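Engineer: Kindly return the folded structure for what I paste below:
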Amino acid sequence: MRRLRAFIVDSMTFKYRRKITITERSGNNLSDYQVRIDLDATNFDFSHFLNEGKDLRFTDASKNLLPYWVEKMDIAAEEATIWVRVPSIPANSSVDIWMYYGCAGLTSASSGCETFLFYDDFEQESFYYGLKYRGKAYTCLKPVMLGGRRFIVRSSGWGTGAGTLDIVEVSDDWETVINTWQAPFDAADTYARTFPNVFPDRIVVSGTDGSHGYITYFDINNESWGPKSTVSARYIVDVIYNDGDGLFYIGTPPGNNHASRAAPEDLFTPSNWELVNFPEWGGGSPMGSIITAFKGNIYIIRRNYQYYWDVLKWDVSTDTFETLMYNYDPTTESGVANKFSFIRADNDTLVVTTTYYSPTKHWSVYYSEDGETFIKVVDLPFISEVNELQCWAYPYHDDILVSQTNWENEGYIKIYSKSGEIKQQIYNVNSHYSEAVILFDGDKAVIGSEGSSDNKREIKILPASLPWKVWIGDPTQNVERRPTTNLQGDYELHYVTGRDEGQIDNFYSSLVDSNVAIEVLAYQNYGDDALLVGSRCSGSGGYYNLLRGYYLRPPYSSSKRMRIYRVDDGAISTLKEVAMSVKYYYEISMRLFRNKIRAIVRDAEGNVIFDETVEDSTYSQGNIINLAAPEWDASRNPSFDYVRVRKYTEPEPSVSIGAEETA
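Structural biologist: As a prediction, the model looks like this:
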């Protein structure tokens with residue numbers, strides 16, 4: 001938990017304060033627990049608020065500020081509901097906190113994000129994954145930063161068909177275009193890199209012009225393109241600078257078993273490159289080699305289109321090669337998936353992704369911290385196999401970022417610890433990754449993409465550090481993504497909006513504690529809106545095949561019943577149901593405690609219209625929230641006012657509000 005700064009009461013000139021005593025009643029030690037405080041005319045003088053209730057602060061006994069959130073503040077009706085996050089409430093004991101108020105110049109410090117485990121009111125913006133800049137006319141979008149400026153190199157060709165190549169400068173949102181410079185030649189698959197210590201003013205651009213590999217640069221000072229140089233090979237993919245010897249290394253195009261190297265002054269003159277042959281291998285004509293620099297040497301993964309690969313260490317001081325890993329498996333499959341092994345490194349970690357046919361077809365991700373010993377992180381089954389499979393893995397601070405995609409733009413992004421633990425995940429990825437490094441831009445991580453489908457190419461934006469605070473939805477729906485606010489702890493929710501702001505058609509997953517309350521304010525905009533709130537879910541699922549777990553389904557026009565039901569691998573079992581008329585506005589609370597799930601639903605007037613409990617230990621440790629709107633229609637979809645997750649125990653702590661004192 002982030003410690004808020006010390007609070008000096010005297011300097012704030014509060015007129016009043018009250019002691020609030022909180023008593024634990026469940027026999028459990030509680031930490032960072034969200035406590036509800038209700039004020040009304042019987043326990044509070046609302047005329048003593050001097051700024052419509054915004055002049056409110058809470059502290060512990062040591063005068064440290066406590067996070068709080070105002071759910072309701074109605075001065076005229078003399079009603080208020082406030083949640084305060086209390087650091088510690090010992091079992092069967094009481095603690096005191098203080099409420100200060102009566103300071104006309106103070107603005108509100110109410111924050112649902114600081115107070116709850118998870119909170120979103122669909123108004124505050126933070127990071128989101130996915131569409132920040134979409135280039136529908138381009139096959140490749142490659143972000144780079146140089147000289148404090150942000151650029152996207154774009155090409156519109158594909159394979160042997162070259163198209164427009166240009167570079168745009170964008171603002172710090174990676175979305176607003178400031179200027180555009182078109183290259184004097186066409187290109188297809190394009191790669192862009194910067195080497196500020198060698199070329200402080202030049203963005204290095206390479207790829208294919210459809211028939212030859214090419215290399216050029218864009219000068220950000222002169223804002224002009226340099227000359228294009230070509231080589232006989234069809235592609236120039238990897239351009240790597242090695243600090244160990246101060247030379248550039250240029251990766252192997254498909255069908256070749258060599259690399260080139262050049263001094264910085266010769267990089268844009270291929271006729272001056274030195275060709276270095278790799279050792280023989282038995283895999284036939286290689287699909288090509290991906291190279292990276294690590295600890296002064298060059299590391300290479302050679303690959304064919306299937307399961308034959310090896311990893312070489314190239315000691316550049318002696319020009320000798322050592323085979324570190326290999327899988328000389330000649331198995332081929334007709335009509336299925338080209339499979340792309342991968343290698344990348346930062347200063348501390350080398351990461352390799354490889355393919356295996358046996359015992360089941362899968363990727364394996366390895367890392368090395370010394371360039372000699374490789375440790376397996378995780379085995380990953382192939383996703384749906386079509387024409388091409390990709391599994392890119394990158395060092396991501398002290399973790400490993402993995403993205404698996406295919407030609408149909410299906411896939412995911414996951415963060416793994418080096419021990420193989422999943423720390424974060426996003427479904428789905430709806431465009432190819434680039435064969436490039438992750439670009440860190442302050443508090444953002446920026447990754448380019450490529451693909452052959454117009455609406456699948458985008459700049460990917462992720463938070464630069466964990467935990468991610470991200471929502472994302474089903475990419476099959478051509479709708480716009482919305483951001484979420486900050487989270488406390490290791491949580492994530494995935495969703496996609498409908499036609500209007502705040503509408504949702506499906507969530508994928510949210511990691512939560514076992515004993516929590518999930519509270520949702522939801523509107524059914526039409527009588528036939530279908531709405532689900534799922535809890536203690538597990539496994540995987542999607543639009544029609546919901547996650548295994550427990551769901552509350554309010555009535556709608558074709559099913560006028562409030563139901564709690566269980567989903568078990570697609571089979572639905574009704575556990576509780578109550579007949580009632582269709583409602584359009586609900587406050588839904590799912591309280592999860594040990595082996596119990598209690599659903600409480602209130603109507604627009606605050607009346608409890610449903611309060612039922614089910615007990616079942618089958619999913620008692622399930623940790624996923626799933627909000628969904630099955631039978632979704634683009635013009636008829638429920639809306640959500642807020643979603644929050646808080647800690648929960650039974651019985652909850654009691655609250656006693658003391659007499660008013662002069663602060």
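Engineer: okay, and for the stretch 501-650 of the chain, where does confidence drop off?
Structural biologist: 501-513, 525-530, 538-547, 570, 584-585, 620-640 (pLDDT under 70).
Engineer: if we go to 90?
Structural biologist: Low-confidence segments of the stretch 501-650 of the chain (pLDDT under 90): 501-516, 518, 520-551, 553-560, 566-572, 580-586, 594-595, 603-606, 616-645.
Engineer: the helices in it, which residues?
Structural biologist: With DSSP state H, counting those that start in this stretch, there are no helices along the stretch 501-650 of the chain.
Engineer: same thing with the chain?
Structural biologist: Assigned by DSSP state H, the helices in the chain fall at 112-115.
Engineer: Now for it, the helix or strand with the poorest mean pLDDT.
Structural biologist: strand 432-433 (a mean of 58; mean pLDDT, DSSP states H and E).
Engineer: How is the chain partitioned into domains?
Structural biologist: Structural domains annotated on the chain: 10-115, 134-237+435-468, 240-431, 516-647, as defined by automatic domain parsing.
Engineer: Could you give the average pLDDT over the longest one?
Structural biologist: Per-residue pLDDT over domain 240-431 has a mean of 88.
Engineer: Kindly report the same for stretch 198-215.
Structural biologist: Stretch 198-215 comes out at a mean pLDDT of 94.
Engineer: Could you export it as PDB, CA atoms only?
Structural biologist: This file holds the C-alpha atoms of stretch 198-215, laid out as PDB (Å, rounded to 0.1, in the frame of the first residue of the first chain):
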ATOM      1  CA  VAL A 198      26.100   6.500 -32.800                       C
ATOM      2  CA  PHE A 199      23.500   8.400 -34.800                       C
ATOM      3  CA  PRO A 200      21.900  11.000 -32.600                       C
ATOM      4  CA  ASP A 201      20.000  12.500 -35.500                       C
ATOM      5  CA  ARG A 202      19.200   9.500 -37.700                       C
ATOM      6  CA  ILE A 203      16.400   6.900 -37.600                       C
ATOM      7  CA  VAL A 204      17.600   3.800 -39.400                       C
ATOM      8  CA  VAL A 205      15.000   2.300 -41.700                       C
ATOM      9  CA  SER A 206      15.300  -1.100 -43.500                       C
ATOM     10  CA  GLY A 207      13.200  -3.800 -45.000                       C
ATOM     11  CA  THR A 208      12.300  -4.600 -48.600                       C
ATOM     12  CA  ASP A 209      11.300  -2.600 -51.600                       C
ATOM     13  CA  GLY A 210       9.500  -5.600 -53.000                       C
ATOM     14  CA  SER A 211      12.500  -7.100 -54.800                       C
ATOM     15  CA  HIS A 212      15.600  -6.100 -52.800                       C
ATOM     16  CA  GLY A 213      16.500  -5.500 -49.300                       C
ATOM     17  CA  TYR A 214      17.200  -1.800 -48.600                       C
ATOM     18  CA  ILE A 215      18.600   0.400 -45.900                       C
END
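Engineer: Mind listing what's buried along it?
Structural biologist: If you call a residue buried by 16 or more other Cβ atoms under 10 Å, then stretch 198-215 has these buried ones: 199, 202-210, 212-215. Where C-beta positions appear, they are placed from N, C-alpha and C, glycine not excepted.
Engineer: Ok, stretch 250-266 next?
Structural biologist: Applying 16+ other Cβ under 10 Å to stretch 250-266 flags 250-254, 256-257, 259-262, 266 as buried.
Engineer: And the contacts of that stretch?
Structural biologist: Contacting residues not belonging to stretch 250-266 are listed as 198-199, 213, 215, 233-240, 246-249, 269-270, 272-278, 280-281, 285-291, 298, 300, 302, 316 [Cβ atoms under 8 Å, 6 or more residues apart in numbering].
Engineer: still on that earlier bit, looking at the domains of the chain, which is closest to Ser654?
Structural biologist: Ser654 lies closest, by Cβ to Cβ, to one member of the domains of the chain: domain 10-115, at 4.8 Å.
Engineer: I figured Asn242 hits Lys295, correct?
Structural biologist: No. Asn242 is beyond contact range of Lys295, at 9.9 Å (criterion: Cβ atoms under 8 Å).
Engineer: Show the contacting residues for Tyr138.
Structural biologist: 154-156, 164, 457.
Engineer: Which single one of those residues is nearest to Ser108?
Structural biologist: Closest to Ser108, out of all of the contacts of Tyr138 and judged by Cβ to Cβ, is Arg457, at 41.7 Å.
Engineer: between the domains of the chain, which one is nearest to Glu660?
Structural biologist: domain 10-115 (5.5 Å).
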